[in-house]
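Colleague: The sequence and its predicted three-dimensional model are supplied below.
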Amino acid sequence: MIMANRNDSKIGQNLQNGAAAAAILAAGIGCAAFGIFKFLGDAFKGIANFFNFYGPAGPLSGVTISAVAVWLAAWFMLASLWDGHDVAVTRISLIAFILLALGFALTFPPFMYLIQGKH
């Protein structure tokens, strides 16, 4: 029996990475949204009242729910735009990491208080 040596694997071929890049960037956007919402809720009483979706949890309930909504909306929109495309994952990962760092910094009390002018 003669067998052909065929390699049908996609390893090494140019694969579309748009869907994966959309997930990576959407995660960064969601983290930044969480940090921004948390910072604004801490800095302004009116915004804290707006984010108070569930009384016992306080504004954190609305901050979290809103950030998850932003994350899901960003993921849906980016995945719709980039599905089947090849995008610059390195640049997108760098942007996502910067957004993640921003979100983390805005939830870190010493940094938040420094920006708000609190001591």
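Modeller: Great, that's in hand. Keep in mind it's a predicted model, so treat the numbers as computed, not measured. Residues are numbered from 1 along each chain as shown.

Colleague: Could you use CA atoms for every contact and neighbour count after this?
Modeller: Noted.

Colleague: hey, where'd the helices end up in this protein?
Modeller: Assignment of helices within the chain using DSSP state H yields the ranges 18-43, 45-50, 59-82, 89-105, 109-116.

Colleague: elements contacting the third one?
Modeller: So the one you mean is helix 59-82. In terms of contacts (3 or more Cα pairs under 8 Å, 6 or more residues apart in numbering; DSSP states H and E), helix 59-82 is packed against helix 18-43, helix 45-50.

Colleague: Now do the buried residues in that helix.
Modeller: For helix 59-82, burial by neighbour count (16 or more other Cα atoms under 10 Å) applies to 59-60, 62-64, 66-68, 70-72, 74-75, 78-79, 82.

Colleague: re earlier: highest mean neighbour count out of the helices and strands packed on helix 59-82?
Modeller: The densest packing among the helices and strands packed on helix 59-82, expressed as mean neighbour count by mean count of other Cα atoms under 10 Å, is seen in helix 18-43 with a mean of 23.
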